[in-house]
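*Asks:* structure of the sequence below:
(chains A, B and C)
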Amino acid sequence: MLEIEEVSIRFGHNPEVVSDATFTVNDGDRLAVIGETGSGKSVLLLAALGLLPASARITGSIRLNGRELLGCRERELSQIRGKEIAYIPQGSGNGLNPLYTVGRQLCETIRKHRPCTRKEALLQAAALLESFGLEHGEDLCRSYPFQLSGGMRQRVLIAMGIAAGAELVLADEPTKGLDRRRITLVEDAFHRLGERTLLCVTHDLRFAKAISSRVIVMYASQQIESGDSRSFFEEPLHPYSRAMLEALPEHGLHANMGFAPPRQDQDARSDCHFYDRCPWRSERCRNAPPMLAVGERKVRCWKYAD
Amino acid sequence: MHKKLNGRVLAGLVILGVVLLVALLAPVLAPHDPYELGIPYLRPSAEHPLGTNDIGQDILSELIYGTRISLLIGTVSALTVTVVGTALGILSGYLGGWVDRVIMQMTNVAMALPSLPLTIILVAFLDASVWNIILAICITAWTSTARIIRSRVQQLKCLPFVQIERTMGASGAYIMLRHILPNLGEIVFIRAVLSVGSAMLTEASLSFLGLGVIGQKSWGGILHYAFFRNGIINGAYWWYVPPILCISISVLGFMLLSYCGDGSAHGRDRKEKGNAGN
Amino acid sequence: MLIEVQGLSKRYRPRGPLVVEEISFAIDRGETLAIFGDSGSGKSTIGQILAGIYPATAGEMRLDGQTLSYPLRGHARRQIQILFQHPEVAFNPRLRLIDSMREPYRLFRLPYTRQGLCDYLERYGIYEEHLGRFPAELSGGELQRLALARAMLIEPSFLVLDEPTSMLDVISQAQIIHLLREIQKERQVGYLFISHDRALCERFCPSIRLLEGGTLREPM
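*Replies:* Predicted structure coming up:
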């Protein structure tokens, strides 16, 4: 459905923030892109939406159902966003207009992409809200965003994202800044997306585990591991992925990896980007490792070369 | 900090550079003594590129000397207004409580005053010296700067880096000067630049009404004579059009300069990267 | 007891609702109390009152038996420091980090040498290269470690940790927690740890409380 091929992104003359990202999101996939702040995951998502600022330089190709998105005109892109791609913004962000009722905002989105009467749209909106576990959809339509709790607002945003009938959902850190209880509600809403294809960028491992069927890990602008969700969370391959899982409070809150060295120019490096912090490093890690296949999974680490 | 200039700011800088040069080099540039009397109502010619007025003074020379007074009054008033407005805004926003209430009451009163009539009355009562005109302009003009600075300071005050200074026992004055003020840089600059423009306009209005600095050439003053000595009725366009253009272009110059910061390529990049990283 | 809080209540506006109500707890040297609760439960309010950022509406707080009054001054001011949730705004964005880090030296008249500061920061994983930069150029984890280093520079006996890791990735979170544990062992600092993550609280310390509807209780 969504094919990302050799995509590299940089801002102006700064070093690359995404280098050579290549992956496909198939119909019905639920893909989580995991990485820390600055690993380039959000930039990649914005690139797929065509929302990067003009100073960004993108090479490679991003195709939606075979159609090239890079270099598309803004008019076409805004048609595609909403109708074919739904976008769910960050959890703590205020994606709703405080001056209009929830119903009005939902109807607007519905009618923009599928002409119908106000009344029909309102019924649809209410049904949509109820399908996300929000009770009394019609009452909810009449309320203003400030009357809702944070968790409700986030679910309304998710409903609004897909109101126009998009089959591909892109979510940018949907749990950022939310507390555990609200994260659970968002997880629930994501499960209710049903058959829709999902690409979700997050730094929240628990959330990724709960909602994804496949994961990609990014570190310092590169993909370093990809594979199906279950085997990843059972046995991560890359030393960075392992360190992440071990650092979870429920897995012991271990901090057994060194501090990252000051950020440097990733372009100039010829060694593995993880070299300075890697517990397994050896001489051959002076050369950048390629993505190696391990069964169905892939990992960027020399340890799996043999 | 290295900043690339965008087109608008560059245009503003060029305009203001020219205006400043003209003001500084007035005696060199002016073809005649602007006070020298000659043949009245001359049309533009090689001798008098913009013609002469009703008592035969060279209009180009008047304009060139007029630049001095417009620029002086504009910048000094703007400087005063910005310093006063910023100081009151910071005090009011940071200290809150009764200080805030007193300053905001003052602001409300000053805002409610009809500024041009008040300025006119003040100038009429005081004698029309440069400093009295500046005082009259400043008396109502500081309010919007104070308001804007105050609300920004209220936001800054709640940020952790300010709170942490407080928990480390830094004094209020220290926090305001070292941590609040530098973070207001861009707003203060923009306010200052815009105030120059509006002060120049007020000065022009005053001079047009005949309340300008007595005995000194100013753009508003030229307009005043053009209007009251029938220059406009007689169709002496060379008399009244140039001062209007001078006022508009130099005010425009300051307005353009106020785009500094928000459109610079460097600033935009940094912001984007910050957003993208989240 | 290092810190004793009794009957602490807070409302932000006169006649407004009570955000926290009749809170009492005590924390000894080298101990941690973790408070967890959902956003809006008032947990940050408790921390910020203890750090002397807001006055309390009612209740008493004591440090080493001495009653604390708002605003904190002198000895008490130095003994209680706070670490906030958002590391990206923990430092003045207009100052290079080296200048921000000099602030505590200046305010508390500590002997400063650049080399001394760099040596001190080594355990926090911050290097001289970081110090020449502006806050926007560092990651959240780096900034939070630096903020912790700044707070510890003035050797407080009590530290309020207001969700210090909730904006960080798991590895940075584990690193901060690890540092906090080491520091506590060495200097017997008392912590009030505030978080929305129950699993994290349970891992971090044995005594945890749930804040719900403005009141504190033992979690089930």
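
*Asks:* same question for stretch A:51-69, mean pLDDT?
*Replies:* Averaging pLDDT along stretch A:51-69 yields 87.

*Asks:* residues of it that come out buried?
*Replies:* Counting neighbours by 16 or more other CB atoms under 10 Å in any protein chain shown, one finds that the buried residues in stretch A:51-69 are A:52, A:56, A:58, A:60, A:62-64, A:69. Yep, even glycine has a C-beta here, placed from its N, CA and C like the rest.

*Asks:* got the residue ranges for the strands in the stretch 51-200 of chain A?
*Replies:* If you assign secondary structure with DSSP state E, counting those that start in this stretch, the strands in the stretch 51-200 of chain A sit at A:56-64, A:67-68, A:85-88, A:168-172, A:197-202.

*Asks:* tell me which of these sits nearest to chain B.
*Replies:* Each of the strands of the stretch 51-200 of chain A was scored for nearness to chain B using CB to the nearest CB, and the closest is strand A:56-64 (7.5 Å).

*Asks:* which other residues reach the closest one?
*Replies:* The contact list for strand A:56-64 (CB atoms under 8 Å, 6 or more residues apart in numbering or on different chains) reads A:1-12, A:20-21, A:43, A:47-48, A:52, A:68-70, A:80, A:84-85, A:168, B:272.

*Asks:* ok so, going back, now, among the buried residues of stretch A:51-69, which is nearest to B:Ile15?
*Replies:* Comparing the buried residues of stretch A:51-69 against B:Ile15 with CB to CB picks out A:Ala56 as the nearest, at 33.2 Å.

*Asks:* for residue 254, what are its contacts?
*Replies:* Going with chain A. A:243, A:246-247, C:174.

*Asks:* hmm, no, I was thinking of chain B.
*Replies:* With contacts defined as CB under 8 Å, 6+ apart, B:Phe254 is in contact with B:12, B:16, B:74, B:193-194, B:196-197, B:200.

*Asks:* can we see that at 7 Å?
*Replies:* For B:Phe254, the contact set (CB atoms under 7 Å, 6 or more residues apart in numbering or on different chains) comprises B:12, B:16, B:193-194, B:196-197.

*Asks:* right, and the pair among those with maximum separation?
*Replies:* B:Leu16 and B:Leu194 (13.4 Å).

*Asks:* mind naming the longest helix for chain C?
*Replies:* helix C:170-187 (DSSP state H).

*Asks:* that helix and chain A in contact?
*Replies:* Yes - on the criterion CB under 7 Å from any CB of the partner chain, helix C:170-187 is in touch with chain A at C:170-171, C:173-175, C:177-178.

*Asks:* which of the three states applies to B:Pro49?
*Replies:* What DSSP: H, G, I helix; E, B strand; the rest coil gives for B:Pro49 is coil.

*Asks:* what's the neighbour count on it?
*Replies:* As a burial measure, the neighbour count of B:Pro49 was computed by other CB atoms under 10 Å in any protein chain shown and equals 14.

*Asks:* wait, doesn't it sit right on B:Leu60?
*Replies:* Yes - A contact is recorded between B:Pro49 and B:Leu60 when judged using CB atoms under 7 Å, the distance being 5.0 Å.

*Asks:* so what's residue 240 up against?
*Replies:* I went with chain A, as the question did not name one. Counting by CB under 7 Å, 6+ apart, A:Tyr240 makes contact with A:217, A:219, A:224, A:274.

*Asks:* wrong one, chain B
*Replies:* When contacts are counted by CB under 7 Å, 6+ apart, B:Tyr240 is found next to B:223, B:226, B:231-232.

*Asks:* B:Gly172 now?
*Replies:* Applying CB under 7 Å, 6+ apart to B:Gly172 gives the contacts B:94-95.

*Asks:* and the pLDDT at it?
*Replies:* According to the prediction, B:Gly172 has pLDDT 91.

*Asks:* so which residues of the stretch 51-200 of chain A form helices?
*Replies:* Counting by DSSP state H, counting those that start in this stretch, one finds helices in the stretch 51-200 of chain A at the ranges A:74-83, A:102-113, A:118-131, A:137-142, A:150-162, A:180-191.

*Asks:* hmm, B:Glu203 is touching B:Ile133, no?
*Replies:* Yes - judged on CB under 7 Å, B:Glu203 makes contact with B:Ile133 at a distance of 6.5 Å.

*Asks:* overlap in contacts, the two.
*Replies:* With CB under 7 Å, 6+ apart applied, the overlap between the contact sets of B:Glu203 and B:Ile133 consists of B:Ile73.
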